[in-house]
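In: No sequence on hand, only this structure:
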């Protein structure tokens, strides 16, 4: 309900009809003053989305805890009780994207030199300085060149004789770089291209740009640990985008598996909007709980948060089956079988889409 001041003049500013109460009976415009305090812009915005009369909170409550009720109520024609499906989905999407924007993704490559080199083994860190000065033999020769050798010099020479020479150091470094690459034992982009030129594969057109991008990021000092962390978070941030893209396809699969005369594509679209609004809220809750686990070092509290996240995830999986049975009113066994088939098809198709978005995000890293 709006809190704007009602005009004393009972003539509608929009259509000129007489207004008995707050709203014009002819066009529906609210008969409030044209000029309002500045804060009215913000309160009006919140009112439009949340409806202080309880419509929004009642919608969210039923969406979370009564699977299928919003869809059934809307399809029955009772469309003033709850927030309309499209408006609900847009608002929940807006909130989700806004919260995600407040917590940006991991900025890989921005760490200090210590973190940038955390992918190197301890052996490499020891060998690199030796390689830089030309090997152990040069150090030994420089010590022996002294006119008078002390006991410390003799001990130093004995210890240096136990260290590999420069050729062995280079071999060890090459071995470590090969192990670290993890890309079919390719040391660099050049060695990969050379190997593929001799033995091309059917999917090289897909694999080549990915491997090239990996070596490009590796050359910039980005470790595999940083890259994996970034890709996981990017995939999570891509979930709302993936849901939006997948929405019409989800409704299409529902249309395929149900009676075409009884259920129109429009009906499946309403079910999908409500279900995806629920999923967005679940993603938002899990995201916020996940952020809380990073803010506290109390093990018992973190354990509780992870437990809650697990329960929410399990509930979100069962939610679809409950909502599907209540909306489509199919028999128990039939509903379960159809629900399992739909869930499996949509799960793999959605994962394929999410993987595609993750790949695009990976190729855009710099």
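Out: Cool, got the structure. Note that the coordinates shown come from a computational prediction; the quantities given were computed from them, not determined experimentally. Numbering: from 1, shown residues only.
In: check contacts around residue 339.
Out: Contact criterion Cβ atoms under 8 Å, 6 or more residues apart in numbering gives 320, 321, 324, 325 as the residues in contact with residue 339. Yep, even glycine has a C-beta here, placed from its N, CA and C like the rest.
In: any low-confidence regions in the stretch 151-300 of the chain?
Out: Within the stretch 151-300 of the chain, the ranges that satisfy pLDDT under 70 run 151, 153, 155-187.
In: could you redo the last one with a cut-off of 90?
Out: 151-241, 259-261, 290-300 (pLDDT under 90).
In: that older thread, can you tell me which of the contacts of residue 339 is nearest residue 348?
Out: residue 320 (14.7 Å; Cβ to Cβ).
In: residues contacting the closest one?
Out: Taking Cβ under 8 Å, 6+ apart, one finds 67, 275, 339, 342, 343 in contact with residue 320.
In: Please flag which of those residues sit within strands.
Out: Counting by DSSP state E, no part of the contacts of residue 320 is found in strands.
In: related to what we said a few turns ago, of the contacts of residue 339, which pair is most distant in space?
Out: The span of those, defined through Cβ to Cβ, is set by 320 and 325 at 9.7 Å.
In: these two touch, right, residue 361 and residue 231?
Out: Yes - shown here, residue 361 and residue 231 form a contact pair, counting by Cβ atoms under 8 Å, at 7.4 Å.
In: Quick check: the most centrally placed residue in the chain vs residue 216, distance?
Out: In the chain, the C-alpha closest to the average C-alpha coordinate belongs to residue 236, at a distance of 1.5 Å (Cα atoms, centre = their mean). Taking Cβ to Cβ, to the nearest Å as the measure, residue 236 falls 24 Å from residue 216.
In: What's the separation between the residue nearest to residue 103 when sequence neighbours are not counted and residue 309?
Out: Nearest in space to residue 103, with sequence neighbours left out and distances taken as Cβ to Cβ, 6 or more residues apart in numbering, is residue 291 at 6.1 Å. Taking Cβ to Cβ as the measure, residue 291 falls 11 Å from residue 309.
In: of the two, who's got more company?
Out: Neighbours of residue 291 and residue 309, each counted by other Cβ atoms under 10 Å, are more numerous for residue 309; the result is 19 against 13.
In: Which of the helices or strands spans the more buried one?
Out: Counting by DSSP states H and E, the secondary-structure element that holds residue 309 is helix 299-328.
In: Would you check the distance separating that helix from the middle of the chain?
Out: In terms of Cα atoms, centre = their mean, to the nearest Å, the centre of helix 299-328 is set 18 Å apart from its chain centre.
In: buried residues in that helix?
Out: Taking 16 or more other Cβ atoms under 10 Å as the basis for neighbour counts, the residues of helix 299-328 that come out buried are 302, 305, 309, 316, 319, 320, 321, 323, 324, 325, 327, 328.
In: for those, which one is nearest residue 354?
Out: Residue 354 lies nearest to residue 316 out of the buried residues of helix 299-328, by Cβ to Cβ, at 15.6 Å.
In: Now the closest one: closest residue in space that isn't a chain neighbour?
Out: Closest residue to residue 316 in three dimensions, ignoring its sequence neighbours and counting by Cβ to Cβ, 6+ apart: residue 282, at 4.6 Å.
In: The one you found - how many residues pack around it?
Out: 19.
In: and it, what does it touch?
Out: Neighbours of residue 282 in contact, by Cβ under 8 Å, 6+ apart: 312, 313, 316.
In: Enumerate every residue touching the last one.
Out: Taking Cβ under 8 Å, 6+ apart, we find residue 316 in contact with 278, 279, 282.
In: same check, this time on the first one
Out: Under the criterion of Cβ under 8 Å, 6+ apart, the contact list for residue 312 reads 282, 285, 286, 289.
In: Please apply the same query to residue 285.
Out: residue 312.
In: Let me know the angle separating whichever strand or helix holds it from helix 299-328.
Out: Residue 285 belongs to helix 265-295 when elements are defined using DSSP H and E. The directions of helix 265-295 and helix 299-328 differ by 180 degrees, with axes from the mean of the first three to the mean of the last three Cα atoms, to 10 degrees as the criterion.
In: Of all the residues in helix 265-295, which ones are buried?
Out: Residues of helix 265-295 classed as buried: 267-284, 286-287, 289, 293 (neighbour count, 16+ other Cβ under 10 Å).
In: can you give me the strands for the stretch 151-300 of the chain?
Out: Assigned strands in the stretch 151-300 of the chain: none (criterion: DSSP state E, counting those that start in this stretch).
In: Same list (the contacts of residue 320) but as a markdown table, adding distance to residue 11.
Out: Shown next, in a markdown table, are the contacts of residue 320 (distance: Cβ to Cβ, whole Å):
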| residue | distance to residue 11 |
| --- | --- |
| 67 | 48 |
| 275 | 46 |
| 339 | 56 |
| 342 | 55 |
| 343 | 57 |
